[in-house]
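Colleague: Here's a sequence, model it:
(one chain, ligands or ions: 1)
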Amino acid sequence: MAMADHKPVLIAGGGIGGLATAMGLAQKGIRSILLEKSASLGEIGAGIQLGPNAFHAFDYLGVGEAARGMAVYIDQLRLMDALTAEEITHVDLGEAFRARFRNPYAVVHRGDLHGVFLRACQNSDLIELRVSSEVVGYEQDGWSVTVKIANGDRVTGSLLIGADGLWSNIRKQVTADGPPRVSGHTTYRSVIPTEQMPEDLRWNAATLWAGPKCHIVHYPLSGWKVFNLVVTYHNDAPEPVAGKAVSEGEVLKGFGHIHERAQSIIRHGKNWRLWVLCDRDPAERWIDGRVVLLGDAAHPMLQYFAQGACQAMEDAVCLSHMLANHDDHAKALETYRAQRFPRTARVQLMSRAIGEHIYHPSGEHARLRNAIMGAKSSEDWYGDLAWLYGGTGLGT
Ligand SMILES: Cc1cc2nc3c(=O)[nH]c(=O)nc-3n(C[C@H](O)[C@H](O)[C@H](O)COP(=O)(O)OP(=O)(O)OC[C@H]3O[C@@H](n4cnc5c(N)ncnc54)[C@H](O)[C@@H]3O)c2cc1C
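Modeller: Numbering: from 1, shown residues only. Take a look at the predicted model:
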């Protein structure tokens with residue numbers, strides 16, 4: 001292995017991207033020290049969708065069996081019109097889908113997915129996990145990179161991977177392109193016991209109810225014990241917010257104009273929390289010498305393709321592959337960046353576009369959506385989505 005005998009690689013951030021990268025490096029015999037800001041390693045209690053490209057990544061990163069064990073395998077991606085409560089279209093995720101993409105589509109609890117990676121990292125002799133270690137900056141010479149931790153400590157490694165999310169400190173130094181863009185879209189999340197979900201809506205599907213300037217998503221999680229509810233309102237919210245507790249009344253405010261059946265889903269939610277979503281325009285600069293960005297730190301995107309974590313795992317596959325296959329770190333980092341940038345930029349930009357044209361249109365724009373999307377078969381959808389779901393992190 002090209003880098004096995006050197007100083008460890010430093011990874012800032014213990015989210016799904018950081019842990020996946022530590023696992024990818026360990027699979028190649030490369031040591032790493034992962035530095036996480038929080039006092040413990042964990043994820044928020046909500047769901048996440050996983051396209052087949054995530055399963056390619058799980059296998060490459062050595063956690064395929066564990067990840068498959070905790071997923072709920074849904075039958076459909078279903079698009080409903082939130083004004084009429086009628087189905088617009090669906091994508092069948094059964095045998096034909098799996099045969100086409102050689103992997104399934106699934107939904108998981110974020111904590112379960114994070115736990116799969118965390119246990120694998122804890123069981124590896126090549127990975128050291130340090131909590132309460134916020135990386136505030138770095139300096140480098142020709143041979144190594146040293147990070148500064150908020151408590152004054154310093155840690156030196158061969159490379160630094162900035163997997164520190166949307167508000168990345170590492171990005172500030174690598175790219176210096178200012179804060180993320182506030183989208184003005186407010187998302188509210190709730191997880192409820194399955195028996196509290198209206199019985200006639202307990203579908204084995206990732207369901208999207210699309211309405212004017214708003215939408216609702218729901219799907220089952222954790223062996224069908226709970227349902228994940230995510231509702232979004234394009235209310236031009238001006239400031240970023242993350243995880244603020246809000247009342248049901250506040251959530252319902254943006255949904256008075258949609259069909260009662262769709263509104264009723266919101267009434268079943270409990271303990272709602274609010275996020276104002278942010279993303280960025282694609283930016284090509286991911287590398288500064290021995291420092292490279294990954295996951296949301298490199299390419300934060302709106303969640304409308306349900307791909308942020310999937311893309312972070314693809315990054316982990318690609319970066320560990322390149323580091324194992326190039327003796328020259330500069331060549332490895334640049335090959336990773338050149339391969340990952342166009343694909344992640346496409347997902348960033350198209351996530352915005354589908355928000356506008358599929359999730360939130362009204363009037364004629366919505367009728368056009370219904371006509372175009374309603375005319376497509378599942379086979380048509382497989383063709384349209386092949387660029388995304390056929391990805392492996394090592395090219396499509
Ligand atoms: C509402 C919503 C729904 C979504 N649904 C999906 C979905 O269905 N499918 C999907 O694939 N993606 C989805 N995503 C996107 C996905 O959650 C993110 O893209 C993914 O979690 C990014 O992982 P990451 O590891 O890059 O960053 P993060 O998860 O943000 O992890 C960053 C980590 O770094 C730590 N950290 C931050 N700063 C520092 C520092 N300076 N030093 C050390 N540690 C630091 C943080 O505490 C955190 O642990 C969704 C996002 C949202 C908002």
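
Colleague: for Pro52, phi and psi?
Modeller: phi -60, psi -30 (degrees, to the nearest 10).

Colleague: all helices for the stretch 251-396 of the chain, in order.
Modeller: With helices called from DSSP state H, counting those that start in this stretch, the stretch 251-396 of the chain shows them at 260-267, 308-325, 329-354, 363-374, 378-389.

Colleague: actually the stretch 1-150 of the chain, not the one I wrote
Modeller: For the stretch 1-150 of the chain, the helices defined by DSSP H, counting those that start in this stretch cover 16-27, 52-60, 64-69, 95-101, 110-122.

Colleague: Now render those as JSON lines, adding mean pLDDT, mean neighbour count and distance to Met313.
Modeller: All C-beta atoms are positioned from the backbone trio N, CA, C, and that covers glycine. Shown next, in JSON lines, are the helices of the stretch 1-150 of the chain (pLDDT from 0 to 100; neighbours: other CB atoms under 10 Å; distance: least, CB to CB, whole Å):
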{"stretch": "helix 16-27", "mean pLDDT": "98", "mean neighbour count": "29", "distance to Met313": "5"}
{"stretch": "helix 52-60", "mean pLDDT": "97", "mean neighbour count": "24", "distance to Met313": "4"}
{"stretch": "helix 64-69", "mean pLDDT": "96", "mean neighbour count": "15", "distance to Met313": "10"}
{"stretch": "helix 95-101", "mean pLDDT": "97", "mean neighbour count": "15", "distance to Met313": "15"}
{"stretch": "helix 110-122", "mean pLDDT": "97", "mean neighbour count": "21", "distance to Met313": "9"}
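
Colleague: And Met3, what's its pLDDT?
Modeller: If you check Met3, the pLDDT there is 51.

Colleague: Helix or strand: which one has Val155?
Modeller: Here Val155 is covered by strand 154-157, with elements defined by DSSP states H and E.

Colleague: wait, does stretch 165-173 contact the ligand?
Modeller: Yes. Applying CB under 6 Å from any ligand atom, one finds stretch 165-173 in contact with the ligand at Gly165, Leu166, Asn169.

Colleague: And the contacts of that stretch?
Modeller: 12-13, 15, 17, 134-138, 160, 162, 164, 177, 179-180, 278, 288, 291, 293, 295-298, 300 (CB atoms under 8 Å, 6 or more residues apart in numbering).

Colleague: Which ones among those residues also lie next to the ligand?
Modeller: Within those, those near the ligand by CB under 6 Å from any ligand atom are Ala12, Gly13, Gly15, Gly17, Glu134, Val135, Asp164, Gly295, Asp296.

Colleague: gap between the closest residue to Gly289 other than its chain neighbours and the ligand?
Modeller: Distance criterion CB to CB, 6 or more residues apart in numbering; nearest residue to Gly289, sequence neighbours excluded, is Gln140 at 5.2 Å. Remark: distance between Gln140 and the ligand (CB to the nearest ligand atom, to the nearest Å) = 17 Å.

Colleague: and the nearest residue to Ala366 once chain neighbours are set aside, backbone torsions?
Modeller: Leaving aside its chain neighbours, Ala366 sits nearest to Pro212 (6.9 Å; criterion: CB to CB, 6+ apart). Backbone torsions for Pro212, taken as degrees, to the nearest 10, come to phi -60, psi 120.

Colleague: and Pro212, how many residues sit next to it?
Modeller: 16 (other CB atoms under 10 Å).

Colleague: now swap in Glu87 and tell me
Modeller: Residues near Glu87, counting by other CB under 10 Å: 13.

Colleague: That one contacts Trp203, doesn't it?
Modeller: No. Assessed by CB atoms under 8 Å, Glu87 is found out of contact with Trp203, at 10.5 Å.

Colleague: Find residues that contact each of those two.
Modeller: Common neighbours of Glu87 and Trp203 (CB under 8 Å, 6+ apart) are Arg78.

Colleague: hang on, the earlier thing: could the residues of stretch 165-173 next to the ligand go into JSON lines alongside neighbour count, pLDDT and secondary structure?
Modeller: Output for the residues of stretch 165-173 next to the ligand, formatted as JSON lines (neighbours: other CB atoms under 10 Å; pLDDT from 0 to 100; DSSP: H, G, I helix; E, B strand; the rest coil):
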{"residue": "Gly165", "neighbour count": "21", "pLDDT": "98", "secondary structure": "coil"}
{"residue": "Leu166", "neighbour count": "19", "pLDDT": "97", "secondary structure": "coil"}
{"residue": "Asn169", "neighbour count": "22", "pLDDT": "98", "secondary structure": "helix"}
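
Colleague: quick one: which of those residues is nearest Leu221?
Modeller: Nearest to Leu221 among the residues of stretch 165-173 next to the ligand: Gly165, at 22.4 Å, using CB to CB.

Colleague: Not counting its neighbours along the chain, what's nearest Glu284?
Modeller: With sequence-adjacent residues excluded and distances taken as CB to CB, 6+ apart, Glu284 is closest to Phe341, at 5.9 Å.

Colleague: ok so, going back, could you check the strand holding Val155 against the ligand for contacts?
Modeller: No. Strand 154-157 stays clear of the ligand (CB under 6 Å from any ligand atom), getting no nearer than 11.2 Å.

Colleague: On the C-terminal side of that strand, identify the next helix or strand.
Modeller: Heading C-terminal from strand 154-157, the first helix or strand you meet, by DSSP H and E, is strand 160-162.

Colleague: Adjacent strands (with direction) for that next one?
Modeller: Note on strand 160-162: by DSSP bridges, its sheet partners are strand 9-12 (parallel), strand 291-293 (parallel).

Colleague: most packed of the ones you listed?
Modeller: Ranked by mean neighbour count, those are led by strand 9-12 with a mean of 28 (mean count of other CB atoms under 10 Å).
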